[in-house]
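Student: Predicted model follows, preceded by the sequence.
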Amino acid sequence: MIDLINKEIITFLSSIDIENTQAIKDKYTTSISEDLNKGHITTNVCMVAGSILKSNPKELAEKLKKKLIQLQCFEDVVSAGPGFINIFLKRKDFVSVINHINEIKDGYGKSNTGKGSKIQIEFVSANPTGPLHVGHGRGAAYGDVIGRILEATGHQVKKEYYINDAGRQIDILTASVILKLVRSDINNYFPKNAYKGKYIEEIANKLKKEIRVRYNLEQIIENIPQDSEEEIDKVIKNLKNLDQSSWNIAKTFSLKEIVSSIKDDLKNFKVYFDNWFNESSMGDIADSSSEISKSINKLKDAGHAYEKDGAIWLNTDLSGDDKHRVLIREDGRATYFASDVAYHKNKIDRGFNKLINIWGADHHGYIKRIEASIDALGSSKDKLVVKLVQFANLFKNGKKVKMSTRSGEFFTLKNLMDDIGPDAARFYYLSKQADQHLDFDIDLAKKDSKDNVFYYIQYAYARIVSLEKKVLENNFNDDINLNSIESNTYDKCDFLIHEISKYPDIIYKASNSLQPHIIIYYLRDLAQLLHSYYNDNHVLSESKENIQSIILCLSSVKQVLSNGLNILGISPINKM
RNA sequence: GCGCCUGUAGCUCAGCUGGAUAGAGCAACUGCCUUCUAAGCAGUGGGUCAGGAGUUCGAAUCUCUUCAGGCGCGCCA
């Protein structure tokens, strides 16, 4: 119906001013109106045209209104306010959305606006040096749902986790684990910068069966430097020198343990990846045929990388970054950035139309240098979209939960799921724009009352399920036709019908802006309307004809609630 | 100092590609259960959209500026 209206509008515009038609077409919108007072469908085209053509919006609205009325397709057309056109559909057309929803079910809201565009989303990508904590959970929920939304709007989505398995952090992890196995006569020596936390001991306990530590602590900490950074590096060096093969086994083992625990946590959180990409798979900078070396060489050949002070630098002028960045250190080791440049080259070479990176907001200063590298490698930085996710503050018993990664004392994602379950966790992670601070109240997420929006929405769904069951038990369905609603005259559900008509546009907006919270707010509003209807109307005392209309309508409301929850990766609950 | 983000009701937040009277939940107060789940509904009060200036027919929304808060500015990852 909106397409029909738009077609008429374009004809109308062409008849007034053919030159500016395209400009107006790009700016105006025709959409389901906010509420029924403003008709079923509304358009601001006359105000947009008015401003571009420098003519009076209200007069344009009057003219367009006459054109639309002549079509005789609508119940009524009115011009309102500063120049809006509000269209009232014929009842048959207005209620037809219910048949549509009940027919295509979970297809309602899906579209092909993405036209099969290939998008890769890289997210979480937490260093495999410890369990995922609640901060990672937000990025995980966000990335996963962005993927679902993009898929629902016709994009080909691949989700990827980048495992930083090559750097110094992994050496620190390995050292931390091995140290737990070294018999110590000195009381409780442990480097300040080593990883602490119970998981280190758990890995060490399993590792015991794989290796035998033949050296003692004195050998490791001989001449150990005071500085905490130098200290851990020295420990690592000594451990490698003392027994390289045990080191290698321990390293592979620790990494495998951590990665598998991360995979488990994400699986329980209903977050799935198509690909787990190892940083190490791009090889070593010392190997001139490795992927990482090739990337750097390409930058050099293109004249964007140069040598200075013994290091190799990337010229980042292309993106307007603050300064040039080091790719290869003075001592010949590659920086983390160099790996990342190679990784992004790898992603682009795989043929994606768009790369979405989801990063912690503290990494925003990193965006420009990556953009510069993409341009420098001959692709376009416009392919890259970086979405930043802000930290989440956790509140429990009214108090902020303190986190300290250093000491190993933090609230893990697993802790959170054990506490409130994956669905409530996903819901609250997504309840606010990703790039803004989130106060996550664990107590609220567990409450059985209206202030817990998660339950409020689930309750609306469960109420419809229960009502459908009651109707069937009462054998109302024997005599009524549950196939079509076109002859419907019962109008107390109209505000519900109007609300569910908005759903496809909500998904479209969420997809365009990559903002899942739009769906959460919509579901809350829809649930509210449902509860309101439920309270005001006693369904079972209605006539059979009306019950037919009501059940058809409520089933479609249920379907929309279900579709909305499912796209967020949340399962609807049939019974509270 | 520079860069990014934020400032909307007592609290937590929507609204921000300029448009119809600035919305919701919580909290406060008042009503509604012999009928489908009261884990709910209805109503009342509550706002100089941080301050100031500008752009325009029209600004919470765009521009500039001031103030306040968060984050980032390594040959760390």
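Tutor: In hand now; what should we look at?
Student: show me where the stretch 1-150 of chain A has strands.
Tutor: A:30-32, A:41-43, A:74-80, A:84-89, A:118-122 (DSSP state E, counting those that start in this stretch).
Student: so which of those strands comes closest to A:Arg214?
Tutor: strand A:118-122 (41.4 Å; Cβ to Cβ). Glycine gets a C-beta too; all of them are placed from N, C-alpha and C.
Student: any idea how far the closest one is from the chain center?
Tutor: Centroid separation between strand A:118-122 and its chain, computed with Cα atoms, centre = their mean, to the nearest Å, is 12 Å.
Student: Counting by contacts, list what it packs against.
Tutor: With contacts taken as 3 or more Cβ pairs under 8 Å, 6 or more residues apart in numbering; DSSP states H and E, strand A:118-122 sits against helix A:134-152, strand A:156-163, strand A:354-360.
Student: Buried deepest among these, which one?
Tutor: Ranked by mean neighbour count, the helices and strands packed on strand A:118-122 are led by helix A:134-152 with a mean of 24 (mean count of other Cβ atoms under 10 Å).
Student: Wondering if it reaches RNA strand B at all.
Tutor: No. Against RNA strand B, helix A:134-152 shows no contacts by Cβ under 7 Å from any atom of the strand, the least distance being 12.0 Å.
Student: just the angle between that helix and strand A:156-163, please?
Tutor: Helix A:134-152 runs at 160 degrees relative to strand A:156-163, counting by axes from the mean of the first three to the mean of the last three Cα atoms, to 10 degrees.
Student: Could you check the angle helix A:134-152 makes with strand A:118-122?
Tutor: Calculated by the same axes, to 10 degrees, helix A:134-152 forms an angle of 170 degrees with strand A:118-122.
Student: What's the local residue count around A:Asn346?
Tutor: For A:Asn346, the tally of surrounding residues (other Cβ atoms under 10 Å) stands at 15.
Student: let me redo that: A:Cys553
Tutor: A:Cys553 has 26 neighbours, counted by other Cβ under 10 Å.
Student: do you know how far it is from A:Tyr456?
Tutor: Separation of A:Cys553 from A:Tyr456 (Cβ to Cβ, to the nearest Å) stands at 20 Å.
Student: Over to A:Trp247?
Tutor: In terms of Cβ to Cβ, A:Trp247 sits 54 Å off from A:Tyr456.
Student: Up against RNA strand B, what does the stretch 51-200 of chain A have?
Tutor: So the stretch 51-200 of chain A meets RNA strand B at A:51, A:57, A:80-84, A:86, A:127, A:164, A:167-169 (Cβ under 7 Å from any atom of the strand).
Student: By neighbours, which of those wins?
Tutor: When neighbours are counted by other Cβ under 10 Å, A:Gly83 leads those with 23 neighbours.
Student: so who does that one touch?
Tutor: Neighbour list for A:Gly83: A:44, A:46-47, A:50, A:57-58, A:60-61 [criterion: Cβ atoms under 8 Å, 6 or more residues apart in numbering].
Student: what do you get if the cut-off is 7 Å, keeping everything else the same?
Tutor: Contacts for A:Gly83 (Cβ atoms under 7 Å, 6 or more residues apart in numbering) come out as A:46-47, A:50, A:57-58, A:60-61.
Student: gap between the residue nearest to it when sequence neighbours are not counted and A:Gly143?
Tutor: In this structure, A:Gly83 finds its nearest non-sequential neighbour in A:Pro57, 3.0 Å apart by Cβ to Cβ, 6 or more residues apart in numbering. According to Cβ to Cβ, A:Pro57 stands 42 Å off from A:Gly143.
Student: ok, now A:Asn563?
Tutor: Using Cβ to Cβ, one gets 20 Å for the distance from A:Asn563 to A:Gly143.
Student: Just give me the closest of the contacts of A:Gly83 to A:Ile262.
Tutor: Nearest to A:Ile262 among the contacts of A:Gly83, counting by Cβ to Cβ, is A:Met47 at 51.8 Å.
Student: wait, isn't the closest one in contact with A:Pro57?
Tutor: Yes. Between A:Met47 and A:Pro57 there is a contact under Cβ atoms under 7 Å: 4.6 Å.
Student: quick one: common contacting residues for the two?
Tutor: Counting by Cβ under 7 Å, 6+ apart, the contacts common to A:Met47 and A:Pro57 are A:82-83.
Student: Test my guess that A:Trp359 contacts A:Gln390.
Tutor: No. Look at A:Trp359 against A:Gln390 with Cβ under 7 Å: they stay out of range, at 10.7 Å.
Student: ok, back up a step: can you lay out the contacts of A:Gly83 as JSON lines showing distance to A:Ala527 and pLDDT?
Tutor: What follows is the contacts of A:Gly83, written out as JSON lines (distance: Cβ to Cβ, whole Å; pLDDT from 0 to 100):
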{"residue": "A:Cys46", "distance to A:Ala527": "35", "pLDDT": "91"}
{"residue": "A:Met47", "distance to A:Ala527": "33", "pLDDT": "90"}
{"residue": "A:Gly50", "distance to A:Ala527": "38", "pLDDT": "86"}
{"residue": "A:Pro57", "distance to A:Ala527": "36", "pLDDT": "87"}
{"residue": "A:Lys58", "distance to A:Ala527": "38", "pLDDT": "87"}
{"residue": "A:Leu60", "distance to A:Ala527": "39", "pLDDT": "89"}
{"residue": "A:Ala61", "distance to A:Ala527": "35", "pLDDT": "91"}
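Student: Which one (most neighbours) among those?
Tutor: A:Cys46 (29 neighbours).
Student: tell me the contacts of it?
Tutor: Counting by Cβ under 7 Å, 6+ apart, A:Cys46 makes contact with A:57, A:60-61, A:64, A:83, A:85.
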